[in-house]
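**Student:** Let me see the structure of the following:
(one chain, ligands or ions: 2)
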Amino acid sequence: MNNNTVPSIDDVVVFFDTTLRDGEQSPGATLTSAEKLEIARQLKRLGVDIIEAGFPAASPDDLAAVQRIAQEVGTEDGPAICGLARAVERDIRVCWEGVKDAVKPRIHTFLGTSDIHLQYQTGFSRPQALETVRSMVALARSLCADVEFSPMDAGRTDPQFLIEVCAAAVASGATTLNIPDTVGYVTPQEWGDLISMLIAETPGAGKGSGVIWSVHCHNDLGLATANTLAGVYAGARQVEVTINGIGERAGNTSLEEVAMALQTRPQFYNLRTHINSREIVKTSRMVSNYTGMHVQANKAIVGANAFAHEAGIHQDGMLKNASTYEIMTPESVGWTQSRLVLGKHSGRHALKVRLQELGYELDKDQLNAVFERFKVLADAKKNVTDADLEALMTDELHRPVEYFKLEEIQVTCGTMGMPTATAKMTNPDGETVIHAAVGTGPVDACYRAVDAIVQSPNTLIEYSVHSVTAGIDALGEVTVRIADPNTGRSFGGYGADDDIIVASVKAYLAALNRMVAGLGLGTQVKPEGEAATVAIGD
Ligand code: KIV
Ligand code: ZN
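**Tutor:** Numbers count the residues shown, from 1 in each chain. Ligands and ions are numbered 1, 2, ... in the order given. Below you'll find the model as predicted:
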C-alpha cells in the first residue's frame, strides 16, 4: 500500500479537479484519451492538488486513460491522481488498477444516502447502506492509503443519518469526507450550517482528527460557487470543482470562481491555495476547445466580457484608475495582451521553442504539420500571438478520427442570388465525393452540402464563432454542438481558420465525425445522469 497522501494544512484549501470525470459527464463533452492527458498536464501547471482522472470501471478506455494520467502526470512533483468507484467491489479493484502507478493515488468511492436514492436507486435499507459503506471503504483502504468517501445526495439526506454514514466511513479508513449536493438543491446558509454541524458532531472526524472535509456542489439553482464558499467558510478544506464549471446538467462549481474568490478576498477568508491563477484562462480555453463547450461571454473570470468595460462612466473610471471598476487584474488570471511572439520570418526552431514554452511537446511530423499552417497564417497575418498558436494547436491535434475528410469547400454568397456551397470530401472508403447545396446563408449552404455527403441526420443545437485576437486578420474559432436524433446524445466540434466559413465547416465535420464514430455510445457506464445504465449498488 502506498503511504503518500495529500497533506492537510488548516489554512490551505486543496483543489480537487473533476473536469475529467464529472465535467466529462456534460452532454456532448466526450474527450479522447490524448485530450484527457493534455488537460491533466495543464491542470498540473495550474496547480490543482488532486485530479479526478475518470471512472475506471466504466470502460476499458476509461481505465487506460486514468492509468496513463497516473503514470505521466501523477509524478513526485505532480498532483494526486484519483479515480471514481461506486461502492462495489469490482469498481474499487478496477479503480485501484487505474491509479496505483501515481506517486499519490486516491480511490474515491460513493453511495447514495438520501431516502430517495436508497429507495429508487439501490433498494438498500439504512443498515444495509451503512454496512456497504463500512465494507467498501475498508476494501478501498486495504489497497490505497488515501480514500475519499462521498454520501451521494447528501444535500437531501437526513442529517442524523449523514453523521452515522460519515462516522462509519472514517472508522473504516476514509481520509477525506466529501459532501455532495448532487442535485444542486441547497442554499448557502443551509450548506454552511450542515458542514459546520458535520465537522462538530461526526465521531472521529472533528478538528485535529486529520480527516479532510470536502464539498462538491452542482449548479442547478446557480448556487454552486456560493455553496462551495459557504462550505469553506464553515471549515471544509477541499473543494471539488471543474474548469468553466462544466458537468452534469447545469454543471459543477467553477474552479476559477472559487480560486479567485479566495485570492481576491484574503481579509474575509484568510486561506491559501496552490492555484497558479495566471494559468486559468489558458486552461479554460483548452477545456472549451477540446470539449466543444463554448464559454458564455459574461461568465465570471473566463468569459470574453469578464474584463470588458462598456459604459462611458466605467471607461472613464478605468482610464483614471483600474481599481475603480476592477477587483482583480485581467493579467492575474492569464488574460495577457496576447504577447506578440512570431512572424513570417520565424523558423521551425523558434516555433518549436515557443510551443514548448506553451506546454506542447510535438513529434517531428506534428511539428511539420503545424509549421506549414503557421507559415500560411503568418503570411496572412503579420503578428502571430500565443492565442493564435493555441488555436492552431487545438485545430491541428484534436481532430477526431476523420472518417469524412474535407478536401475543399467553396461558397458564393452576397446580396445577389442564393448562398451556394460546393464541398469536396473523402468518404470512409477513400472515395472523393462532391456535392453542392443552397442554404439560407453561407454556413447553412456549406452544412447542407456536407450533410448530403455524410448522410447522418442531426440537429444543430449550438453554433458559436469568435475571433482569437482583435483585428480584421484575426484567426476565427468556431464551436458547434449537434445532437443525434436517435439517441439524444450530443457531440461537440471545434475548428480554427483565418477563413470563418472554413472554420465553421471544420467544426461541423469534427462533431459529425465524433457522431459517426459513435464515441462513447452504449459502451460507458456513467455514475449519474442520462447515461447511468447500471444501477448504483449493482
Ligand atoms: O454529484 C455527485 O454526487 C457526484 C458524486 C459521485 C461525488 O458526482
Ligand atoms: Zn457530481
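**Student:** and residue 406, helix, strand or coil?
**Tutor:** strand (DSSP: H, G, I helix; E, B strand; the rest coil).
**Student:** and stretch 209-216 with ligand 1, contact?
**Tutor:** Yes: using C-beta under 6 Å from any ligand atom, we find that stretch 209-216 touches ligand 1 at residue 216. C-betas here are computed from N, CA, C, even on glycine.
**Student:** now that stretch, how far from the centre of its chain.
**Tutor:** Centroid displacement of stretch 209-216 relative to its chain, using C-alpha atoms, centre = their mean, to the nearest Å, is 23 Å.
**Student:** Then stretch 454-461?
**Tutor:** Put simply, stretch 454-461 sits 25 Å off its chain's centre (C-alpha atoms, centre = their mean).
**Student:** Now do that stretch: everything it contacts.
**Tutor:** Contacts to stretch 454-461, defined as C-beta atoms under 8 Å, 6 or more residues apart in numbering, come from residues 404, 425, 447, 451, 480-485, 490, 508-509, 512, 515-516.
**Student:** List the contacts of the residue lying closest to residue 187 once chain neighbours are set aside.
**Tutor:** Nearest residue to residue 187, sequence neighbours excluded (C-beta to C-beta, 6 or more residues apart in numbering): residue 223, at 6.6 Å. Contacts of residue 223 were listed using C-beta under 8 Å, 6+ apart, and they are 184, 186-188, 217.
**Student:** Let's see that with 7 Å instead.
**Tutor:** 184, 187-188 (C-beta atoms under 7 Å, 6 or more residues apart in numbering).
**Student:** returning to what we had before: and the contacts of stretch 454-461, which is closest to residue 170?
**Tutor:** residue 490 (39.9 Å; C-beta to C-beta).
**Student:** Next, count neighbours for the closest one.
**Tutor:** A count of nearby residues for residue 490, using other C-beta atoms under 10 Å, gives 23.
**Student:** Surely it touches residue 28?
**Tutor:** Yes: between residue 490 and residue 28 there is a contact at 3.4 Å, judged by C-beta atoms under 7 Å.
**Student:** any shared contact partners between these two?
**Tutor:** Joint contacts of residue 490 and residue 28 (C-beta under 7 Å, 6+ apart) are residue 481.
**Student:** Can you list phi and psi of residue 274 for me?
**Tutor:** phi -100, psi 10 (degrees, to the nearest 10).
**Student:** do the one 3 residues further on as well
**Tutor:** Here is the backbone geometry of residue 277 (degrees, to the nearest 10): phi -60, psi -20.
**Student:** For ligand 1, see how far away it is.
**Tutor:** Distance, residue 277 to ligand 1, using C-beta to the nearest ligand atom, to the nearest Å: 25 Å.
**Student:** Which positions in the protein make contact with ligand 1?
**Tutor:** So the chain meets ligand 1 at 22, 110, 150, 152, 180, 182, 216, 218, 527 (C-beta under 6 Å from any ligand atom).
**Student:** ok, residue 445 - contacts?
**Tutor:** Neighbour list for residue 445: 411, 419-421, 437-439 [criterion: C-beta under 7 Å, 6+ apart].
**Student:** before we move on, the earlier item: considering the contacts of stretch 454-461, which is situated nearest to ligand 1?
**Tutor:** residue 490 (20.0 Å; C-beta to the nearest ligand atom).
**Student:** quick one, what contacts that closest one?
**Tutor:** 27-28, 461, 481-483 are the contacts of residue 490 under C-beta under 7 Å, 6+ apart.
**Student:** Show me what the residue in the stretch 201-350 of the chain that ligand 1 sits nearest to bridges to in the sheet.
**Tutor:** Relative to ligand 1, the nearest point of the stretch 201-350 of the chain is residue 216 (5.1 Å; C-beta to the nearest ligand atom). Beta-bridge pairing of residue 216 under DSSP bridges involves residue 180, residue 240.
**Student:** Tell me, how many residues neighbour it?
**Tutor:** Neighbours of residue 216 (other C-beta under 10 Å): 31.
**Student:** Surely it is in contact with residue 177?
**Tutor:** No: the pair residue 216 / residue 177 is not scored as a contact, 10.9 Å apart, by C-beta under 7 Å.
**Student:** Go through the contacts of stretch 454-461 and name the one nearest residue 209.
**Tutor:** Closest to residue 209, out of all of the contacts of stretch 454-461 and judged by C-beta to C-beta, is residue 490, at 43.8 Å.
**Student:** how near is that closest one to residue 450?
**Tutor:** Using C-beta to C-beta, to the nearest Å, residue 490 is found at 18 Å from residue 450.
**Student:** Could you check which helix or strand contains residue 77?
**Tutor:** For residue 77, there is no host helix or strand (DSSP states H and E).
**Student:** residues near it, how many?
**Tutor:** Residue 77, neighbours per other C-beta under 10 Å, totals 6.
**Student:** And residue 190, by the same measure?
**Tutor:** Counted with other C-beta under 10 Å, residue 190 comes out at 14.
**Student:** any idea of the pLDDT on it?
**Tutor:** pLDDT for residue 190: 98.
**Student:** hmm, back to that, need the worst-confidence member of the contacts of residue 490.
**Tutor:** residue 28 (72).
**Student:** and that one, helix, strand or coil?
**Tutor:** Residue 28 - assigned by three-state DSSP - is coil.
**Student:** how close does it sit to residue 250?
**Tutor:** From residue 28 across to residue 250, the span is 14 Å (C-beta to C-beta).
**Student:** for this structure, what are the low-confidence residue spans?
**Tutor:** Scanning the chain with the threshold set as pLDDT under 70 gives 1-3, 7-8, 309-311, 314-315, 336-341, 469-470, 518-538.
**Student:** the domain parsing of it - what is it?
**Tutor:** Domain assignment for the chain by automatic domain parsing gives 14-291, 312-397, 405-519.
**Student:** how about residue 278, what does it touch?
**Tutor:** Residue 278 neighbours (C-beta under 7 Å, 6+ apart): 332-334.
**Student:** which one of the residues of the chain next to ligand 1 has the most neighbours?
**Tutor:** That'd be residue 216 among the residues of the chain next to ligand 1, by other C-beta under 10 Å, with 31 neighbours.
**Student:** got the residue ranges for the strands in the stretch 351-500 of the chain?
**Tutor:** For the stretch 351-500 of the chain, the strands defined by DSSP state E, counting those that start in this stretch cover 384-385, 405-412, 420-426, 432-438, 459-467, 476-483, 490-497.
**Student:** Quick one: list the elements packing against the shortest one.
**Tutor:** Contacts of strand 384-385 with other secondary structure elements, assessed using 3 or more C-beta pairs under 7 Å, 6 or more residues apart in numbering; DSSP states H and E, are made with strand 340-342, helix 364-380.
**Student:** Please report how far residue 20 lies from ligand 1.
**Tutor:** From residue 20 over to ligand 1 the distance is 13 Å, taken as C-beta to the nearest ligand atom.
**Student:** List of residues touching stretch 329-348?
**Tutor:** Contacts for stretch 329-348 (C-beta under 7 Å, 6+ apart): 256, 260, 277-282, 301, 307, 350-351, 354, 367, 371, 378-379, 382-387, 469.
**Student:** which among those residues end up buried?
**Tutor:** Neighbour counting with 16 or more other C-beta atoms under 10 Å marks 256, 260, 277-282, 301, 307, 351, 354, 367, 371, 378, 383-387, 469 as buried within the contacts of stretch 329-348.
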